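*Asks:* 3D, please:
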Amino acid sequence: QVQLVESGGGSMQSGGSLRLSCVASEYTYSMGWFRQAPGKEREGVAAIDSDGGTDYADSVKDRFTISRDNAKNTLALQMNSLKPEDTAMYYCAALFNLPSRPLLRRPPLRWGQGTQVTVSS
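*Replies:* A predicted model of the protein is given here:
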């Protein structure tokens, strides 16, 4: 089974930027970033397939950018204009390849351990 390891979380003031990274042990066609804030359900943030197709949650569009390097099996999330409501544990995920569903609607196959992002006002 694919193993995923995230890095890059931290604390930042509102308006700042952070970049999250994820290394996968093997190639996965669809990958994504999810987040879970205290007391809330885990939600999809952004997803990407190996052809470069992307999908974003409305709350992060125009602020976050997902990217991947297929040769290195890595995934990244560039987060700009951070807001306090972006505070959450962020998880990298390998997704089931279900072409009939939008990328962010594809169920996760495997999670990473998560990396904390905290944004203060």
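*Asks:* grab the most central residue of this protein for me.
*Replies:* The centre of the chain sits closest to W33, judged by C-alpha atoms, centre = their mean, with a distance of 1.8 Å.
*Asks:* and that residue, that's in a strand?
*Replies:* Yes: counting by DSSP: H, G, I helix; E, B strand; the rest coil, W33 falls inside a strand.
*Asks:* just checking, it touches L75?
*Replies:* Yes: assessed by C-beta atoms under 8 Å, W33 is found in contact with L75 at 7.5 Å. All C-beta spots, glycine's among them, are computed from the backbone N, C-alpha and C.
*Asks:* what sits in contact with each of the two?
*Replies:* Both W33 and L75 are in contact with C22, I66, C92, where contact means C-beta atoms under 8 Å, 6 or more residues apart in numbering.
*Asks:* list just the nearest of those residues to S14.
*Replies:* Set against S14, the nearest of the shared contacts of W33 and L75 by C-beta to C-beta is I66 (21.5 Å).
*Asks:* which one is that closest one nearest to, not counting chain neighbours?
*Replies:* Once flanking residues are discounted, I66 sits nearest to A46: 3.9 Å by C-beta to C-beta, 6 or more residues apart in numbering.
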